[in-house]
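In: here is a sequence with its predicted model. Questions after.
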Amino acid sequence: QKEVEQDPGPLSVPEGAIVSLNCTYSNSAFQYFMWYRQYSRKGPELLMYTYSSGNKEDGRFTAQVDKSSKYISLFIRDSQPSDSATYLCAILMDSSYKLIFGSGTRLLVRP
Amino acid sequence: DAGVIQSPRHEVTEMGQEVTLRCKPISGHDYLFWYRQTMMRGLELLIYFNNNVPIDDSGMPEDRFSAKMPNASFSTLKIQPSEPRDSAVYFCASSLRGSFNQPQHFGDGTRLSIL
């Protein structure tokens, strides 16, 4: 079993829709969770990070962690064509500074 | 401020040749990471350095791969001899202190094709 699982998509939505992106993870000891965004032919860039359970909001983006079900989510409100990218969830192994990435979900927001 | 700079952006070479990928991290960052991204395996950590010292190279696939960081502003990833299955996008990233709230800043990658 992979340590982090993510649906590769692609996910296609109309502009203005609410987008939900999800990952599951296997190790209940993980505590640091991140979302990276990767545009085509570019490196990933950090979008949001959360520690332990709960929600974190930043503008149109909300990151949510449910440790009981080992499930992490990223919600995008009022999605824009500029949000079209691949979104990667990542978990930081705090003992070693190693990031474990999901395979990424490709999102297309249609104008 | 310049971000992480990788060179070359694209590399096409024949099987058996030596390949050297280069990375200049962000000035002042003390952690440097090398990743490989493929469709099949996603983004995988190969090796990372702290203050120019390799800390964990457990992700390096084979002895054909080697990485060095001779100083704080330069790192190389070398593949010798190269094989077609090494074709991937290789990313370098750097961060300050390596903790979760210090993001890893990625370069734009080197797209490597081994024929």
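Out: Now that the structure is in, tell me what you want to look at.
In: the residue most central in space within chain B: what's it in contact with?
Out: When C-alpha atoms, centre = their mean is applied to chain B, the residue found nearest the centroid is residue B:34 (3.1 Å). Applying C-beta atoms under 8 Å, 6 or more residues apart in numbering or on different chains to residue B:34 gives the contacts B:23, B:45, B:46, B:47, B:48, B:67, B:75, B:77, B:90, B:91, B:92. Every residue, glycine included, has its C-beta placed from N, CA and C.
In: hey, what's it bridged with?
Out: residue B:47, residue B:92 (DSSP bridges).
In: give me the phi and psi angles of the residue nearest to residue A:110 when sequence neighbours are not counted.
Out: Using C-beta to C-beta, 6 or more residues apart in numbering or on different chains and skipping residues adjacent in sequence, the residue nearest residue A:110 is residue A:14, 5.3 Å away. Residue A:14 adopts backbone torsions of phi -80, psi 150, taken as degrees, to the nearest 10.
In: distance of the residue of chain A found nearest chain B relative to residue B:89?
Out: Using C-beta to the nearest C-beta, the single residue of chain A nearest to chain B is residue A:43, 3.0 Å away. Residue A:43 is 9 Å from residue B:89, where distance means C-beta to C-beta, to the nearest Å.
In: just residue A:74 next, same as before
Out: From residue A:74 over to residue B:89 (counting by C-beta to C-beta), the distance is 23 Å.
In: so between these two, which is more surrounded?
Out: Neighbour count, other C-beta atoms under 10 Å in any protein chain shown: between residue A:74 and residue B:89, residue A:74 has more, with 23 against 18.
In: from memory the more buried one sits against residue A:11, does it?
Out: No: counting by C-beta atoms under 8 Å, residue A:74 does not reach residue A:11; the two are 11.6 Å apart.
In: one step back: could I get the pLDDT score of the residue nearest to the centre of chain B?
Out: We have a pLDDT of 97 for residue B:34.
In: and it, how far is that from chain A?
Out: 12 Å (C-beta to the nearest C-beta, to the nearest Å).
In: residue B:72 too?
Out: Distance, residue B:72 to chain A, by C-beta to the nearest C-beta: 17 Å.
In: quick one, what contacts that residue?
Out: By C-beta under 8 Å, 6+ apart, the residues touching residue B:72 are B:25, B:30, B:51, B:52.
In: in PyMOL, how would I select the buried members of those?
Out: The buried subset of the contacts of residue B:72, as determined by 16 or more other C-beta atoms under 10 Å in any protein chain shown, is captured in PyMOL by this line:
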select buried, chain B and resi 25+30
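In: how about the residues of chain B near chain A?
Out: B:4, B:31, B:33, B:42-45, B:48, B:50, B:55-56, B:91, B:93, B:98-101, B:103-109 (C-beta under 8 Å from any C-beta of the partner chain).
In: report the buried members of the residues you listed.
Out: Buried by 16+ other C-beta under 10 Å: B:4, B:31, B:33, B:42-43, B:45, B:48, B:55-56, B:91, B:93, B:98, B:100, B:103-109, out of the residues of chain B next to chain A.
In: can you flag which of the residues you listed belong to strands?
Out: Counted as lying in strands by DSSP state E, out of those, are B:31, B:33, B:42, B:43, B:45, B:48, B:55, B:56, B:91, B:93, B:105, B:106.
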